[in-house]
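1. here are the coordinates; sequence isn't available:
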């Protein structure tokens, strides 16, 4: 059990996107926060803080945690796909402090809207981490390691993959000298609609209407990679539609 | 050449999403507008208007246009993927009046932000259609049939396909009792970023970092269809990254 009522001093280990944003928002909240690189020798005084946040690549979390083990500080990592249990023998009180947001170093965002997903190995640590998180964001959630895994997986479908498709759309338009921004109202409206409906219920386009002539003419103008994406996603849209008809 | 300086009277043929929205916004602008179904016998007085808008399914445009051919009215269709030339022998003055937006009957939107893509077979008709379009929207573009084809193709990648992926993300979360809206700040930020960057330059996620262990664990939790989408898009993200390294 931690011998304090509130997290007031924090050391962040790491110098990537998450470390940069956590440092900034904690500094703004007048917390006693310091950011140190995982590569340099971490000083003893930095390890006597209330909380140590390990904000580094997934595959080196365990190694760094082992190096600084056996302190009284709460220890957390910030990874979407790493189980909390990786910190089990490294500290008596540990957890996860995961931001569900695409963060880029140097690019300020309104942190109060960033969902923070919190997990801890006991109720007191959970309380302390949640209290800290609520100072930084209006969107704080208790999320288990299992749920966090699925959140991260869903984020690949809702963020990483659409991003690649937007890149392809821009590529197609640029080749024809059409500015990408002509498409922004359509993209905005698509997002607005999925917030209020099941996306599968509002699917539009040639695949769901099974307009084969249009799909063939589209495919004839795509390169091999674009065509493969077009075919797989069109087939899945058609299949989902047929499943709904049966249901 | 049309013998009038301004389009004041309009007949819309069709009763789908586009017809509904065009009727509404033109009515709001105090234009003399009437909406008739393609199935009913169109009356002679409806065919003596300044403009006839054929807002029906692609494959029946030619048939309906033939039935009402040889009038003095300007004739346009509203399709993304049909060449303007389909109206060539149906009217002396003809064109396209295509809204680049996902429109749903009954769901009001701010029409002033809807991009209207205009094309016509001569300068005077183009002028008349553009003047009308500018009364309805602040975003009016002259777009050729070829450009319109690529716009529609790009829209499949920027709207229809992401919509299916958002549906998949929701499906994954719902199965784990996680509300989809926890993901909205991430989706909003993804859209914000692609408006100011080339999406390929800001790609994030396990594929571009080539985190194979994470990708394998993700795939192990997906059904066959989800996994196929995951594999194809991850491979394309990796391939695009490797191309950029060579460039």
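-> Thanks, I have it. Note that the structure is a prediction, hence the values are computed from the model and not measured.

2. now the strands: where do they sit in chain A?
-> Secondary structure of chain A (DSSP state E): strands at A:9-13, A:32-36, A:51-54, A:74-77, A:94-99, A:116-120, A:140-142.

3. mean neighbour count and mean pLDDT added to these, as TSV?
-> For glycine as for every other residue, the C-beta is placed from the backbone atoms N, C-alpha and C. Formatted as TSV, the strands of chain A follow (neighbours: other C-beta atoms under 10 Å in any protein chain shown; pLDDT from 0 to 100):
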stretch	mean neighbour count	mean pLDDT
strand A:9-13	23	97
strand A:32-36	18	96
strand A:51-54	26	97
strand A:74-77	26	98
strand A:94-99	25	98
strand A:116-120	23	98
strand A:140-142	17	96
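
4. would TSV of these with distance to residue B:151 be doable?
-> Listed next are the strands of chain A as TSV, based on distance: least, C-beta to C-beta, whole Å:
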stretch	distance to residue B:151
strand A:9-13	46
strand A:32-36	46
strand A:51-54	46
strand A:74-77	45
strand A:94-99	36
strand A:116-120	39
strand A:140-142	39
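
5. which one of those strands lies nearest to residue B:117?
-> With C-beta to C-beta as the criterion, residue B:117 lies closest to strand A:94-99 of those, at 39.9 Å.

6. that closest one pairs with which strands, parallel or anti?
-> Within its sheet, strand A:94-99 is paired with strand A:74-77 (parallel), strand A:116-120 (antiparallel), according to DSSP bridges.

7. quick one: contacts of that strand?
-> A:18, A:21-22, A:53, A:74-80, A:84, A:87-88, A:114-121, A:125-126, A:129, A:133, A:143, A:145, A:148 (C-beta atoms under 8 Å, 6 or more residues apart in numbering or on different chains).

8. do stretch A:118-125 as well
-> With contact meaning C-beta under 8 Å, 6+ apart, stretch A:118-125 is reached by A:1-2, A:74, A:84, A:88, A:93-98, A:126, A:128-130, A:133, A:140-145, A:148.

9. if we go to 6 Å?
-> A:1, A:74, A:84, A:93-96, A:126, A:129-130, A:133, A:142 (C-beta atoms under 6 Å, 6 or more residues apart in numbering or on different chains).

10. out of those residues, the closest to chain B would be?
-> Relative to chain B, the closest of these is residue A:142; by C-beta to the nearest C-beta it sits at 11.5 Å.

11. give me the neighbour count for the nearest residue to residue A:222 once chain neighbours are set aside.
-> Closest residue in space to residue A:222, ignoring its immediate chain neighbours: residue A:230 at 5.9 Å, by C-beta to C-beta, 6 or more residues apart in numbering or on different chains. Residue A:230 sits with 20 neighbouring residues when counted by other C-beta atoms under 10 Å in any protein chain shown.

12. what do you get for residue A:92?
-> Residue A:92 has 16 nearby residues by other C-beta under 10 Å.

13. any idea how far it lies from chain B?
-> 28 Å (C-beta to the nearest C-beta, to the nearest Å).

14. repeat for residue A:231
-> 9 Å.

15. again, but for residue A:85
-> Distance from residue A:85 to chain B, counting by C-beta to the nearest C-beta: 15 Å.

16. for residue A:5, same thing?
-> Going from residue A:5 to chain B by C-beta to the nearest C-beta gives 29 Å.

17. what's the closest non-adjacent residue to residue A:53?
-> In space, and not counting its chain neighbours, residue A:53 is closest to residue A:12: 4.6 Å by C-beta to C-beta, 6+ apart.

18. and that neighbour, what does it touch?
-> A:19, A:22-23, A:35, A:53, A:55.

19. redo those residues as TSV? Include distance to residue B:63.
-> Formatted as TSV, the contacts of residue A:12 follow (distance: C-beta to C-beta, whole Å):
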residue	distance to residue B:63
A:19	64
A:22	63
A:23	66
A:35	69
A:53	67
A:55	63
